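Novice: build me a structure from this.
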Amino acid sequence: MPVVRSVRSVLLSAPYAEPEGNLEVLLHLPSGLRTTGLVEITLSDGTVGLGEGYLAVFAPTVFAAIVQLVTPVLIGRSLSELPAIVRDMEITTGYWSFQGAARHVVSACEIALQDARAQTLGVPLWKALGGDVARPIPVYASGGDSTDPAFMALEIERVARLGIRTFKIRARKHQVDKAVWCMRAAAQYGIAVAIDMTQNLAIPSQSAADVLSFLAEIKKATGISPTFLEEVQGPNSISELPQLCRSADAPIAGGEIVTTPDELSARLRSGCYGIVQPDATVIGGVGPVMEVFATARETGTKVFVHCWGAGVGMLANYHAAIAGQGEMVEWPMPAYELRDALFKTAPLIDQGNLALADLPGLGARLTPEIERAFPFREEAVYRCLVDPGVIPLADWSLAGQPI
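Specialist: Numbering: from 1, shown residues only. Down below sits the predicted model:
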């Protein structure tokens, strides 16, 4: 069995989303660029595995520093030791970051090791994870952060052209008009709308009563509920989720920021979610995502893997979803040139379903050409603290609804 010969962190920055009309760019990425952090692990037989950790979007140099810290744990280790290698990385970083930034780096390294392992076996990663068949999986389009109705209409048209029938937007408790506008506009194309309320790290977050009131107002205006609600409450309100799940007339989804499979599995067993959304770039890699799938089968919870990374992280989650027989996967709508470049053979979306190419490992390759095309830019850092004064006050009233 080959051993790890070298470990390298790679930071790449690329244009993200449209230059106009995207609220995420306006508030959080004023440079118009987004950074991705990769880990490249080369084995003694020349096999190269790739992994991605979400931390680099927010703290790229921290990502690179933690990769350097854990590298001695990896060098000279055999792939047959994969569980022990992951355990040793957790020991190295656990005291100060067992549920924090280092988990994203552990995730990237674990994904890279899994990619390399599947390549040495000559099979796609989903098969190395125990999957039986690469069945197509329904996709939901993820975006819905346009600044005004005109840009949102264009986004909905793009979703329709992909043949996707579920579109997730972002809307907070005070944005009922936006939610109603989007549901009515999407319905013209036969598209259902899900809503991300973006409360996953909000302290204090909105209350359960806020969520129920939001749902009631939407249903009063449209006659239907969103297909699901995502991240409806922050970390200080997790204990309210089981009762909220029982009371809401739309499934409650969440889990994308949870960094250990034990924590996310505990939430499932307590009834926090009707839909769980693990992310391999955050939770410790594809192995932990498979652990969440196992718990979801016990609890009867649907699994929609979270995929907001670049090509490597998305592929890791897609392979896990195929192996775990997930119900649906996320497809980010904002354009990202680096993501497209990292797909050796891009996942195919056909009539709203995703299928992977039958390539060994993940199916993503990092080339010198990609590194030259997308050099790291220090200004390409996601800004979490924003000035509310720059948020555009779009008119989402029903008077502007294209019926």
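Novice: ok, the residue positioned nearest the centre of the chain - contacts?
Specialist: Nearest to the mean C-alpha position of the chain, by C-alpha atoms, centre = their mean, lies Cys307 at 2.6 Å. Shown in contact with Cys307 (C-beta atoms under 8 Å, 6 or more residues apart in numbering): Ser142, Asp279, Gly313, Met314, Asn317, Tyr318, Val329, Glu330, Trp331, Pro332. C-beta: built from backbone N, CA, C; applies to glycine.
Novice: of these, which is the most crowded?
Specialist: Counting neighbours by other C-beta atoms under 10 Å, Gly313 leads these with 32 neighbours.
Novice: tell me which element it is part of?
Specialist: helix 311-324 (DSSP states H and E).
Novice: the residue nearest to the centre of the chain is in what secondary structure piece?
Specialist: Cys307 belongs to no helix or strand, assigned by DSSP H and E.
Novice: please, where are all the strands along the protein?
Specialist: 4-15, 33-43, 48-53, 137-142, 166-170, 192-196, 229-230, 252-254, 275-276, 302-305, 328-332, 348-350, 353-355 (DSSP state E).
Novice: can I get the ones you listed in TSV with distance to Pro288?
Specialist: Shown next, in TSV, are these (distance: least, C-beta to C-beta, whole Å):
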stretch	distance to Pro288
strand 4-15	20
strand 33-43	16
strand 48-53	13
strand 137-142	20
strand 166-170	23
strand 192-196	22
strand 229-230	20
strand 252-254	16
strand 275-276	12
strand 302-305	12
strand 328-332	17
strand 348-350	26
strand 353-355	22
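Novice: I'd like the ones you listed as JSON lines, with distance to Pro375 and mean pLDDT appended.
Specialist: Putting these into JSON lines (distance: least, C-beta to C-beta, whole Å; pLDDT from 0 to 100) gives the following:
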{"stretch": "strand 4-15", "distance to Pro375": "7", "mean pLDDT": "98"}
{"stretch": "strand 33-43", "distance to Pro375": "11", "mean pLDDT": "98"}
{"stretch": "strand 48-53", "distance to Pro375": "17", "mean pLDDT": "98"}
{"stretch": "strand 137-142", "distance to Pro375": "27", "mean pLDDT": "96"}
{"stretch": "strand 166-170", "distance to Pro375": "30", "mean pLDDT": "97"}
{"stretch": "strand 192-196", "distance to Pro375": "31", "mean pLDDT": "98"}
{"stretch": "strand 229-230", "distance to Pro375": "34", "mean pLDDT": "98"}
{"stretch": "strand 252-254", "distance to Pro375": "35", "mean pLDDT": "98"}
{"stretch": "strand 275-276", "distance to Pro375": "37", "mean pLDDT": "98"}
{"stretch": "strand 302-305", "distance to Pro375": "30", "mean pLDDT": "98"}
{"stretch": "strand 328-332", "distance to Pro375": "22", "mean pLDDT": "96"}
{"stretch": "strand 348-350", "distance to Pro375": "30", "mean pLDDT": "84"}
{"stretch": "strand 353-355", "distance to Pro375": "30", "mean pLDDT": "92"}
